[in-house]
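A.B. asks: Structure for this input, please:
(chains A and B)
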Number of protein chains: 2
Amino acid sequence: MSTEKHTIAVLGGTGAEGSGIALRLAHAGHHVILGSRDADKAARVCAELRQRSPAASLAAAPNAEAAAAAQIVFLTVPHAAQQATVREVQGALAGKILVDATVPLVPPKVARVQLPEGGSAVAAVQKLLGEAVRVVAAFQNVSAHHLRDLAHAPDCDVLVCGDDPEARQTVIGLAADMGLRGVHAGVLANAAAAEALTSVLIAINMRYKVPGAGIRITGLAST
Amino acid sequence: MSTEKHTIAVLGGTGAEGSGIALRLAHAGHHVILGSRDADKAARVCAELRQRSPAASLAAAPNAEAAAAAQIVFLTVPHAAQQATVREVQGALAGKILVDATVPLVPPKVARVQLPEGGSAVAAVQKLLGEAVRVVAAFQNVSAHHLRDLAHAPDCDVLVCGDDPEARQTVIGLAADMGLRGVHAGVLANAAAAEALTSVLIAINMRYKVPGAGIRITGLAST
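C.D. replies: Next up, the predicted model:
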């Protein structure tokens, strides 16, 4: 568990996945700012999350303000909004870690792997931002269903991909704060596997009629 | 477990992954023909596998003969040899199930996901073979290290992707025969995730200094 408490922005934090991530980060003692274009919705989600975790430190702000105020920025918007959101906050990201949880689903066939150009959605983000921002891809495979249920630790590992091992380690610490085991999964290009895996998990959910299949990495010494 | 015993060809069956698959299939009572271009090496591997499983029914033959004699054909050759091997045996595959375990590693950076054109290696195989052959992608993530150790069931699930659910079910039955849990993982395009995941597992093996990391799907009722 990381002992340091951060100010963390969760862009797209009013969505199912984003609000689940925000909830667990805030529940662990971090100060979380939900980034959203809809102030009313953001306030509503903050209130709802505080009901689940009364001591949580949560606020809401427009994306650019949230990113500017934060030390670490999570990106949890739909794939279609990913690039525009990154451009919107780009000026506030220099020197920070951007944790991208984007999954390149292509509705309506979300249970079918449909890779973006370049293999992963996050590759384009790192290209756009350049070396000034350390981009880490993670949390694509943890179901919102499990994230929002604080009574149970999700039975799912977090594949943490990024070209900067120290930034990966920071994200693995945040995952631990959230009750999740993060695993060093290699360079940022490897996020293609984690992104694609989400469609596989959706296919499995549909086939086996379960709410939130996940993955575990086996063969590691317990960490 | 499937009760029916099949004649199964394992093309590339003298390699580490192929021989592990052949061993477990033969150990389960199937008649296995190792397909290889090198008759001496194939005979040597057969002898070695028989030492591990004395009752196993194993033979060796050139790839095209092995494929012709079999009801089900496994493809376990290196990515660079995949297309040529498929062309070599194409005439013998009509009406059969081809189980492709190919992983598109690009040496020397095998711990880095480097997707082939079209996202998955197996997509090109299905395109080449057309509808006459039911192609199922599976077994990309099970380490040879674990396959060859009959004393232990590998702690790894098998993601089974294919456009024909019945063919997928047959492969899930074969996985069970081998001591592995197969999971319906959706259409053949979803094999991109399983193929990419192997580079992630290699990255994990290197980072954590373990011999054979694997994956488990969580959140399923036990099957």
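A.B. asks: Now for A:Leu93: which residues touch it?
C.D. replies: By C-beta atoms under 8 Å, 6 or more residues apart in numbering or on different chains, the contact list for A:Leu93 reads A:67, A:73, A:129, A:132-133. In this view, the C-beta of every residue, glycine as well, is placed from N, C-alpha and C.
A.B. asks: list the buried ones in the helix or strand bottoming out on mean pLDDT in chain A?
C.D. replies: Sorting the helices and strands of chain A by mean pLDDT, DSSP states H and E puts helix A:144-147 at the bottom, at a mean of 92. Of the residues in helix A:144-147, those buried by neighbour count under the rule 16 or more other C-beta atoms under 10 Å in any protein chain shown are A:144-147.
A.B. asks: Over to stretch A:113-132?
C.D. replies: Buried residues in stretch A:113-132, counting neighbours by 16+ other C-beta under 10 Å, are found at A:113-116, A:119-126, A:129.
A.B. asks: which among those residues are in contact with chain B?
C.D. replies: A:113-115, A:119-120 (C-beta under 8 Å from any C-beta of the partner chain).
A.B. asks: now these as CSV including pLDDT?
C.D. replies: Written out in CSV, the entries for those read as follows (pLDDT from 0 to 100):
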residue, pLDDT
A:Val113, 96
A:Gln114, 94
A:Leu115, 92
A:Gly119, 89
A:Ser120, 94
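A.B. asks: Let's have those residues in CSV, adding secondary structure.
C.D. replies: As requested, those are exported to CSV (DSSP: H, G, I helix; E, B strand; the rest coil):
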residue, secondary structure
A:Val113, coil
A:Gln114, coil
A:Leu115, coil
A:Gly119, coil
A:Ser120, coil
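A.B. asks: and the nearest residue to A:Val136 once chain neighbours are set aside, what does it touch?
C.D. replies: When the adjacent residues along the chain are set aside, A:Val136 lies closest to A:Gly162, with 3.7 Å between them (C-beta to C-beta, 6 or more residues apart in numbering or on different chains). Contacts of A:Gly162 were listed using C-beta under 8 Å, 6+ apart, and they are A:134-137, A:168, A:171, A:187-188.
A.B. asks: got it, and A:His30?
C.D. replies: A:His30 makes contacts with A:5-8, A:57, A:174, A:177, as judged by C-beta under 8 Å, 6+ apart.
A.B. asks: What of A:Asp38?
C.D. replies: A:Thr14.
A.B. asks: Tell me how far it lies from B:Gln82.
C.D. replies: In this view, A:Asp38 and B:Gln82 are 49 Å apart by C-beta to C-beta, to the nearest Å.
A.B. asks: is it true that A:Gln90 touches A:Leu129?
C.D. replies: Yes. Judged on C-beta atoms under 8 Å, A:Gln90 makes contact with A:Leu129 at a distance of 6.6 Å.
A.B. asks: longest helix of chain A?
C.D. replies: Among the elements of type helix in chain A, defined by DSSP state H, the one spanning the most residues is helix A:191-208.
A.B. asks: That one: how far from the chain's middle?
C.D. replies: Helix A:191-208 has its average C-alpha position 16 Å from the chain's average C-alpha position, going by C-alpha atoms, centre = their mean, to the nearest Å.
A.B. asks: Then stretch A:113-121?
C.D. replies: Distance, centroid of stretch A:113-121 to centroid of chain: 18 Å (C-alpha atoms, centre = their mean).
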